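In: Sequence first, predicted coordinates after that:
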Amino acid sequence: MRPIIEFCTNNMHLGTDKIMKELEKNPEYDVIEYGCLGYCGVCSMEPYALVNGDLITAETPDQLKEKIEKEIEEYLKSYDLDV
């Protein structure tokens, strides 16, 4: 199964737009942008994304990207897929 990474348009001002564009380059990921993901309290305070439905937050966009990649790595390992 391909990892699904979801981003909120309203969170892009915190730098997630750059992370989303970088992750979209990987053909093994499904990257989706939504107008709202319903995490408004989180969205207004820090960069975040959903990875396979799990909320991932970080203080900076770079930290968010690292956490997303770690979450994907763990996800792929759980299915015994190559990382």
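Out: Structure received.

In: what about the one residue sitting closest to the centre of the chain, which helix or strand?
Out: Residue closest to the average C-alpha location in the chain (CA atoms, centre = their mean): residue 49, at 3.8 Å. Using DSSP states H and E, residue 49 maps to strand 48-51.

In: Partner strands of that strand, with direction?
Out: The strands beside strand 48-51 in its sheet (DSSP bridges) come out as strand 4-8 (antiparallel), strand 54-57 (antiparallel).

In: Would you mind saying which of these lies nearest residue 72?
Out: strand 4-8 (7.8 Å; CB to CB). Where C-beta positions appear, they are placed from N, C-alpha and C, glycine not excepted.

In: where does the protein have low pLDDT?
Out: 81-83 (pLDDT under 70).

In: max-length helix in it?
Out: helix 61-78 (DSSP state H).

In: List of residues touching that one?
Out: With CB atoms under 8 Å, 6 or more residues apart in numbering as the test, helix 61-78 has contacts from 3, 5, 14-16, 18-19, 22-23, 29, 47-49, 51-52, 54, 56-58, 82-83.

In: Equivalent analysis for stretch 46-59, please.
Out: 3-8, 11, 14-16, 19-20, 37, 39, 42, 60-61, 63-64, 66-68, 71-72, 75.

In: start to end distance for it?
Out: 6 Å (CA to CA, to the nearest Å).

In: now swap in stretch 48-62 and tell me
Out: OK, stretch 48-62 end separation, CA to CA: 11 Å.

In: just how off-centre is it within its chain?
Out: 5 Å (CA atoms, centre = their mean, to the nearest Å).

In: please renumber so the chain begins at 17
Out: New numbering, starting at 17: the last item is stretch 64-78.

In: Can you mark which positions in that stretch are buried?
Out: Judged by neighbour count (16 or more other CB atoms under 10 Å), stretch 64-78 contains these buried residues: 64-67, 72, 74, 77.

In: List buried members of the contacts of stretch 62-75 by neighbour count.
Out: 19, 21-24, 27, 30-32, 35-36, 53, 55, 77, 80, 83-84, 87-88, 91.

In: thinking again about what came up before, out of the strands paired with strand 64-67, flag the one nearest residue 49.
Out: strand 20-24 (5.1 Å).
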